[in-house]
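Trainee: here is my input, please return the structure:
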Amino acid sequence: GHYDFAVPAGATAWGRIAARVVAAGYDGWMEDFGEYTPLDARTGDGSSGTGAHNRYPTQFHAAAAGEAAALEAVAGRRLARFVRSGWTGTAPVAPIVWGGDPTCGWGFDGLASAVIQLLSMAASGIALWGSDTGGFFSGEQRLTPELLVRWIQFSAFCPLMRTKAAGVELPPYRRPQIWDDDVRPHWARWSVWHTRLNDYLMAAHDEYRETGRPIACPLPLVEPGLPGGTLDDEYLLGRDLLVAPVLHPGATSRSVTFPSGPWVDLWHPDRPVIVGPTRRDVAVEPDEIPVWLRGGAVLGLLPDTVASLAPYGPGVPPRRDLWVYPTAAWQGRLGPGIAAR
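Mentor: Numbering: from 1, shown residues only. Prediction:
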């Protein structure tokens, strides 16, 4: 059955269920589905199932946002709400969005489409977005260890990182997992990197709330007229990281558009600085995602020993690692004990 969010009683009934979840100690939930109404439905305001279809997700998530705010006040802690559906007006009440059920493939509806969805969501006012790492549907396309590793790398440099262990498999097969011997080191490395970026991502989220600039920002929003056409396969994460996921199996290079300014290879700072605007073919490594840091930027990272941001753990130490990439035009002083990387 469906809750009828066209009338206050629907939100109240749903809130009673959410209260039980919070009382049981959970810190959030996924507001799954919510993108359709039964054709034979009749809502409390007289709408048919078809007539209520488009606005139902907004009503659903708006009601949940109100109930969650009331529960947060009582519980004394923040709650995480994941949503996947929406329509006009949903963005302000959709704090965390994941990309539904992608296909376990490289191209359309798979990894490449996940990047496009990230940029589309960003341009539509959604700040915190992530995909089902590895995909959900397996048919003609099946997940491979290489695809899973590339998807892990991409997810680490998204506002939200989450994984998917299972899904629909036709026919059934042995799906690669993050705990497999040949994948686990990659998961360990890149999940740690996502955690280390927390301060940086939260600063970008603050800017989003103040100005509307997306955390993962399409390049044409920053600098129109850059070479490279639609530029739907790379993005700026925050203001200072340029991310270019690898989207093809066996790739040893890819073409990247660089916005204006100097850009330093995050993993290989000894390589020549690339000055944009320009488009270059760059080498890619099987165990790395191409990422560049804006020359002159200071990247503040959590220590690589932080295993969790949850308040139930040992807590986040006050230390921060600063990665600083001065360029010829950079001027400034670094504090005692801080060195340029």
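
Trainee: what residues does the longest strand belonging to the chain touch?
Mentor: The longest strand of the chain (DSSP state E) is strand 253-265. With contacts defined as CB atoms under 8 Å, 6 or more residues apart in numbering, strand 253-265 is touched by 219, 222-223, 226-228, 231, 234, 236, 242, 244, 246-248, 271, 273-284, 290-296, 325, 327, 329. Glycine gets a C-beta too; all of them are placed from N, C-alpha and C.

Trainee: give me the low-pLDDT residue ranges for the protein?
Mentor: For the chain, the stretches with pLDDT under 70 are 1, 327-341.

Trainee: helices of the stretch 101-250 of the chain, residue ranges please.
Mentor: Using DSSP state H, counting those that start in this stretch, the helices assigned to the stretch 101-250 of the chain run over residues 111-123, 145-156, 184-196, 198-211, 219-222.

Trainee: mean neighbour count and distance to Gly315 for those - can I get that in a markdown table?
Mentor: A markdown table is the format used below for the helices of the stretch 101-250 of the chain (neighbours: other CB atoms under 10 Å; distance: least, CB to CB, whole Å):
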| stretch | mean neighbour count | distance to Gly315 |
| --- | --- | --- |
| helix 111-123 | 21 | 31 |
| helix 145-156 | 22 | 23 |
| helix 184-196 | 17 | 13 |
| helix 198-211 | 15 | 13 |
| helix 219-222 | 17 | 36 |
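
Trainee: what's the top helix by length along the chain packed up against?
Mentor: Longest helix in the chain, counting residues (DSSP state H): helix 56-75. Helix 56-75 is packed against helix 8-23, strand 28-31, strand 80-83, with contacts defined by 3 or more CB pairs under 8 Å, 6 or more residues apart in numbering; DSSP states H and E.

Trainee: in the sheet, who's paired with the residue nearest to Leu266 when sequence neighbours are not counted?
Mentor: Residue nearest to Leu266 in three dimensions, not counting chain neighbours: Val291, with 4.4 Å by CB to CB, 6 or more residues apart in numbering. With DSSP bridges as the criterion, Val291 is bridged to Val243.

Trainee: Val291 - how many residues pack around it?
Mentor: 19 (other CB atoms under 10 Å).

Trainee: and it, what is it in contact with?
Mentor: Val291 touches 157, 241-244, 265-267, counting by CB under 8 Å, 6+ apart.

Trainee: could you redo the last one with a cut-off of 10 Å?
Mentor: Contacts for Val291 were tallied using CB atoms under 10 Å, 6 or more residues apart in numbering; they are 153, 156-157, 193, 237, 241-245, 263, 265-267.

Trainee: cool, and Gln117?
Mentor: Applying CB under 10 Å, 6+ apart to Gln117 gives the contacts 97-100, 102, 109, 126, 129, 131.

Trainee: kindly recompute the last result at 7 Å.
Mentor: Gly99 (CB atoms under 7 Å, 6 or more residues apart in numbering).

Trainee: one more: Ala63?
Mentor: 5, 10-11, 14.

Trainee: pick the most deeply packed of the helices and strands packed on helix 56-75.
Mentor: Among these, strand 80-83 has the highest mean neighbour count (mean count of other CB atoms under 10 Å), at a mean of 19.

Trainee: show me what that strand is packed up against.
Mentor: strand 28-31, helix 56-75, strand 96-98 (3 or more CB pairs under 7 Å, 6 or more residues apart in numbering; DSSP states H and E).

Trainee: partners of the shortest one in the sheet?
Mentor: Partner strands for strand 96-98, per DSSP bridges, with pairing direction: strand 80-83 (parallel), strand 128-130 (parallel).

Trainee: quick one: those as TSV, columns for distance to Ala204 too.
Mentor: Formatted as TSV, the strands paired with strand 96-98 follow (distance: least, CB to CB, whole Å):
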stretch	distance to Ala204
strand 80-83	18
strand 128-130	10
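
Trainee: what's the closest of these to Val74?
Mentor: Distance to Val74, taken as CB to CB, is lowest for strand 80-83 among the strands paired with strand 96-98, at 16.1 Å.

Trainee: off-centre distance for that closest one?
Mentor: Strand 80-83 sits 13 Å away from the centroid of its parent chain (CA atoms, centre = their mean, to the nearest Å).

Trainee: any residues touching it, and which ones?
Mentor: Under CB under 7 Å, 6+ apart, the answer for strand 80-83 is 27-31, 61, 64, 68, 94-98.

Trainee: let me know the outermost residue of the protein.
Mentor: Computed with CA atoms, centre = their mean, the residue of the chain farthest from its C-alpha average is Gly46, at 37.9 Å.

Trainee: look at that one and give its secondary structure.
Mentor: coil (DSSP: H, G, I helix; E, B strand; the rest coil).

Trainee: still on that earlier bit, which one among the contacts of strand 80-83 gets closest to Leu148?
Mentor: For the contacts of strand 80-83, the nearest to Leu148 is Trp98 (17.1 Å; CB to CB).

Trainee: which secondary structure element contains Pro277?
Mentor: Pro277 belongs to strand 274-283 when elements are defined using DSSP states H and E.

Trainee: what of Tyr36?
Mentor: Using DSSP H and E, no helix or strand contains Tyr36.

Trainee: how about the nearest residue to Pro38, chain neighbours excluded?
Mentor: Gly49 (4.9 Å).
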